[in-house]
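*Asks:* Just need the structure, nothing else, for what follows:
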Amino acid sequence: MASPTEWYRDNYLISTSQSLLQLAAINAAFDSDFMPYWKALDETLLQQALSKSLCFGVYELPNSTSQIAGSHSKLNLLQILLPSLMKSDKASPRQIGLARLITDELTIAYVTDVYILPEHQKKGLGGWLMECVNETLSSWPHLRRTLLVASEYGKLYEDKLGMKPLEQGKNGITLYNKAGGGSYFGD
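*Replies:* Sure thing, here's the model as predicted:
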C-alpha cells in the first residue's frame with residue numbers, strides 16, 4: 001500500500017518531493033540557534049545527504065496556492081503548479097521545516113534533522129509532520145524498526161510515532177554508537 005507524498009493543511013504543504021527542497025533554507029536552519037547540534041554543510045554535501053534520504057519538507061504556501069489546493073484536493077496539486085512555482089521566486093512555497101528519514105524504505109528508518117522554524121511553531125505543524133511520517137512508516141509492512149536520537153520533544157515522538165526509549169539489554173538488544181567527525185556529542 002503506497003502512502004501519500006503530499007499533505008495539505010491551511011496554508012501549508014508537506015511533500016516528499018526532492019525537487020521542492022531548498023538547500024539554503026535547510027542550511028540556514030542548521031546554522032541557527034534553535035538547532036544547536038547541527039551546522040550547515042557545503043551545499044553539494046547537503047544535496048548528497050538529502051538525495052539518499054526520504055525527506056518530508058514543510059512549506060508555507062502563498063495564499064493563492066493554498067486556495068487552489070482546497071479546490072483541487074483530488075488532483076496532484078504539484079503537477080498542476082510545479083512548473084509555474086519553479087519559474088517565479090515570488091510564488092514559490094517557502095520551506096519552514098523538515099524531517100529526514102535515512103531508510104531503505106522497507107525494513108528500517110532513522111528519523112533525523114527534524115525542525116519547524118520558530119515563527120511557525122505552536123501551530124501544530126510539528127505534530128502534523130510526525131503524523132505524515134508515521135502514515136508513511138505504517139504503510140511499510142516489512143518495517144522492523146524506526147530509530148531516532150532526541151534531546152527534547154520525546155512526548156511528541158511517543159504520541160505521534162508510537163516511539164519509546166529503547167531499554168538497553170531488553171530482549172538481548174543493545175544500541176551502539178560511534179561518533180564521527182561531524183558529531184557534536186563525543187563518545
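
*Asks:* Does the longest helix anywhere in the chain pack against any helices or strands, and if so which?
*Replies:* Longest helix in the chain, counting residues (DSSP state H): helix 125-138. The contact analysis (3 or more C-beta pairs under 8 Å, 6 or more residues apart in numbering; DSSP states H and E) places helix 125-138 against strand 6-9, strand 12-15, strand 54-60, strand 94-103, strand 108-116, helix 154-161. Where C-beta positions appear, they are placed from N, C-alpha and C, glycine not excepted.

*Asks:* Could you tell me which strands sit next to the helix or strand that it is followed by in the sheet, and their orientation?
*Replies:* Once the chain leaves helix 125-138, the next helix or strand it forms, by DSSP states H and E, is strand 145-148. Strand pairing for strand 145-148, determined by DSSP bridges: strand 108-116 (parallel).

*Asks:* The longest helix of the chain to strand 108-116, inter-axis angle?
*Replies:* 160 degrees (axes from the mean of the first three to the mean of the last three C-alpha atoms, to 10 degrees).

*Asks:* Chain neighbours aside, what residue packs nearest to residue 103?
*Replies:* Using C-beta to C-beta, 6 or more residues apart in numbering and skipping the chain neighbours, the partner closest in space to residue 103 is residue 109 (4.0 Å).

*Asks:* Please apply the same query to residue 146.
*Replies:* Nearest to residue 146 is residue 109, by C-beta to C-beta, 6+ apart, at 4.7 Å.

*Asks:* wait, that neighbour sits on residue 137?
*Replies:* Yes: under the criterion of C-beta atoms under 8 Å, residue 109 makes contact with residue 137 at 6.1 Å.

*Asks:* out of those two, which sits in the more crowded spot?
*Replies:* When neighbours are counted by other C-beta atoms under 10 Å, residue 109 comes out ahead of the other of residue 109 and residue 137, with 24 against 19.
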